[in-house]
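Asks: Sequence first, predicted model second:
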Amino acid sequence: MNHEVGDEGGGGSATGPRGGWSGWRAATERALYGPGGFYLRPEGPAGHFRTSVHASPLFAGAAARLLEEVAGGLGGGEVAFVDMAAGRGELVTGVLAALPAGFPVRAYAVERAARPPGLDERVTWLAEPPSGVRGLLFANEWLDNVPVDVAEADGDGVPREVLVRPDGTERLGAPVSGEDAAWLERWWPLREPGARAEVGRPRDAAWAAAVATLSAGLAVAVDYGHTASDRPPYGTLTGFRAGREVTPVPDGSCDITSHVAVDACAGPGASVVSQRDALAELGVSGARPPLSLATTDPASYVRALARAGEAAELVGRGGLGDFWWVRRQV
């Protein structure tokens, strides 16, 4: 990443945001969601990276089982399934397919992009989550794409906002102040010169607002992230394009993402567990079927072996299994 030296505040400059300086939050918002933004392209997120939803239908099946559990706890009646950051509707489609016939569900997909052609007519497509519904709100890899500012400690250890141009060149701006400074001090203190952090306060607020749309039920956020015990010293800001990790350049050519401070985001009364443990609770295991099944029922053995391979990817260490599930009961 190119790095210039400066002492200007954030929020752009006299040359304007198109060619001038701005904070990473504003630059990311334009690059991902502005006119021609990365996430508004026809191919959608699946054209550039693979999530748990794309790895195996077992993931949608687990979400469907969780929805059934939530419905049971609510005492029956119609429940909502709200797919936050729905991409092109892959998860909500899989959940509807996995639910028992006649299950009383109202399905919502929440996404800034336009409704994709051919999506199940039972799915209501929205730009914002519906308010006052009861059921399960499920946000898979949403929070990592909620734009945030980046801070870096200068030579004196003072956290400053990192400013960026559309070509990815960076410079240090004014010292971080106000609520962002308070967030850093509470959740991700920067002490050593050169240390960096993504200021997760907008994500905390976005998650709290999403949870508040439920009148009753469960909200789940699934994402890669970190906690106070393992904060990365130089931040995690990166880019993805066509399945490859690339330098984050806020010009609309790539995804811009960073890991989530899940302990800051969780909120009071929430539980934070690994995807490995969360899926195990929902019956997803990477255990291989018994070899004896290959003799008694070869076809079933082959199918079970394939499912075990898919499950192993979802729960594997060093990969998707290390994702965090933030679960908040309403």
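Replies: Thanks, I have it. Numbering: from 1, shown residues only.
Asks: show me the contacts for the residue nearest the centre of the chain.
Replies: In the chain, the C-alpha nearest the mean C-alpha coordinate belongs to Glu141, at 2.2 Å (Cα atoms, centre = their mean). Glu141 makes contacts with 45, 51, 85, 222-224, as judged by Cβ atoms under 8 Å, 6 or more residues apart in numbering. Every residue, glycine included, has its C-beta placed from N, CA and C.
Asks: let's go with 7 Å and repeat that
Replies: Neighbour list for Glu141: 51, 85, 222-223 [criterion: Cβ atoms under 7 Å, 6 or more residues apart in numbering].
Asks: got it, and Val330?
Replies: 211, 214, 216-219.
Asks: ok, now Val148?
Replies: Val148 makes contact with 24-25, 198-200, 202-203, 258, according to Cβ under 7 Å, 6+ apart.
Asks: Try it again at 8 Å.
Replies: 24-25, 28, 198-203, 258.
Asks: Next, work out how far apart it and Val70 are.
Replies: 30 Å (Cβ to Cβ, to the nearest Å).
Asks: which helices and strands does whichever strand or helix holds Arg203 pack with?
Replies: According to DSSP states H and E, Arg203 maps onto helix 201-212. Contacts defined by 3 or more Cβ pairs under 8 Å, 6 or more residues apart in numbering; DSSP states H and E place helix 201-212 against strand 133-140, helix 178-187, strand 214-223, helix 262-266.
Asks: Report the buried residues of the helix or strand that the second one is followed by.
Replies: Per DSSP H and E, the first helix or strand lying C-terminal to helix 178-187 is strand 196-199. Within strand 196-199, the residues that qualify as buried are 196-199, counting by 16 or more other Cβ atoms under 10 Å.
Asks: Can I get strand 196-199 in CSV? Just the C-alpha atoms.
Replies: The C-alpha trace of strand 196-199 is given here as CSV (Å, rounded to 0.1, in the frame of the first residue of the first chain):
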residue,chain,number,x,y,z
ARG,A,196,-3.4,-0.2,12.9
ALA,A,197,-7.0,-1.0,13.7
GLU,A,198,-10.4,-0.9,11.9
VAL,A,199,-12.7,1.2,14.0
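Asks: just the buried residues of strand 196-199 now: which is nearest Ala299?
Replies: Glu198 (48.7 Å; Cβ to Cβ).
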